[in-house]
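Enquirer: The following comprises the amino acid sequence and a computationally predicted model.
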Amino acid sequence: MITALTFAIWDPDKRRGHSLKERLDMFTQGESALFSGDWSGRPSQDACFLSFDACGEPVMRVAQSVRQGSETVFLLLISDRDIDMTTLFRPKIRPSGVLFRPVQNTHLREMLDEIVEEMERLAGAEADDVFIFKSEGATRRMPLRDILFFEASNKKVVLHTAGQEISYYDSIDNLAAMLPPHFVRCHRSFVVNTHKIEEMRGPDMELKLTTGARIPFSRSQKETVACLINK
């Protein structure tokens, strides 16, 4: 049996989706959830199986929503061999693999093995490359180069990237001690990736980031942030 993983399955055909869910539950020690409607607000998973057939635009919306929700989720497409899936192979979606119907157990297990191997590779990467944390019951791995800043909010920390916001339980004090030197606490409620700072606005006490986002900095940290920006 493969190590614990969390899955989401999106399929308008509930009977077909349940069949895949049963096999995933048999092959893994993790959890799987089945959806057939709007993806908005769904919890993060390690992998998502997305059924692509004659669904057209709804599949595109779901695929983009999944990828916007997580830049690291393994997005796996399932389709008949005679269906053109080229519309889903685009930068905003970045699928991780394809399975063709009827999905064979051997092919499914091979795909799961590859997911586990890649997750283990990421978990073993240098601490300066990947930030590992738990959110919504799942272990998440976020490349540090993708992180803009962290924000303290209601006893949680919110991780911000260009395309998503992920909240999880931690303190900003603990977080600041874990991160590499180019992440600096610029304010009592913010830790910023100094590689993402485009401009320091002294009169406004704001940092403008490469995405256009603006976050505050405190007077006590002005010199520290300025030194890191100019390195």
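Expert: Structure's in. What do you need? Numbers count the residues shown, from 1 in each chain.
Enquirer: can you list contacts of stretch 130-142?
Expert: For stretch 130-142, the surrounding residues in contact (CB atoms under 8 Å, 6 or more residues apart in numbering) are 6, 31, 43-46, 70-72, 119, 122-123, 143-144, 147, 159, 161, 166-168, 170, 179. Bear in mind the C-beta positions are built from the backbone N, C-alpha and C, glycine included.
Enquirer: which among the residues you listed end up buried?
Expert: 6, 31, 44-46, 70-72, 119, 144, 147, 159, 161, 166, 170, 179 (16 or more other CB atoms under 10 Å).
Enquirer: List the single closest residue to residue 16 in space, sequence neighbours excluded.
Expert: residue 51 (6.9 Å; CB to CB, 6 or more residues apart in numbering).
Enquirer: quick one: average pLDDT of stretch 204-212?
Expert: The predicted model gives stretch 204-212 an average pLDDT of 89.
Enquirer: Give me the residues contacting it.
Expert: 148-149, 162, 186, 192, 196-201, 214-219, 225.
Enquirer: In strands only, show me the residues you listed.
Expert: If you go by DSSP state E, these have 148, 149, 186, 192, 197, 198, 199, 200, 201, 214, 215, 216 in strands.
Enquirer: Neighbour-wise, which one of those residues leads?
Expert: Counting neighbours by other CB atoms under 10 Å, the top entry in the ones in strands among the contacts of stretch 204-212 is residue 192, with 28 neighbours.
Enquirer: Can you give me the distance of it to residue 168?
Expert: According to CB to CB, to the nearest Å, residue 192 and residue 168 sit 18 Å apart.
Enquirer: Residue 149 too?
Expert: From residue 149 over to residue 168 (counting by CB to CB), the distance is 15 Å.
Enquirer: what's the distance between the top helix by length along the chain and the middle of its chain?
Expert: Ranked by residue count, the top helix of the chain under DSSP state H comes out as helix 105-123. Distance of helix 105-123 from the chain centroid (CA atoms, centre = their mean, to the nearest Å) equals 17 Å.
Enquirer: what do you get for stretch 153-165?
Expert: 12 Å.
Enquirer: Next, the buried residues of it.
Expert: In stretch 153-165, counting by 16+ other CB under 10 Å, buried: 156, 157, 159, 160, 161.
Enquirer: what does stretch 23-36 give?
Expert: 24, 27, 28, 30, 31, 32, 34, 35.
Enquirer: where along this protein do the helices fall?
Expert: Under DSSP H, the chain gives helices at 14-27, 57-69, 105-123, 172-178, 222-229.
Enquirer: Just name the most buried of these.
Expert: helix 57-69 (a mean of 18; mean count of other CB atoms under 10 Å).
Enquirer: just checking, what packs against that helix?
Expert: strand 6-10, strand 47-51, strand 74-79 (3 or more CB pairs under 8 Å, 6 or more residues apart in numbering; DSSP states H and E).
Enquirer: hmm, what's the outermost residue in the chain?
Expert: Relative to the C-alpha centroid of the chain, counting by CA atoms, centre = their mean, residue 203 is the outermost residue, at 35.1 Å.
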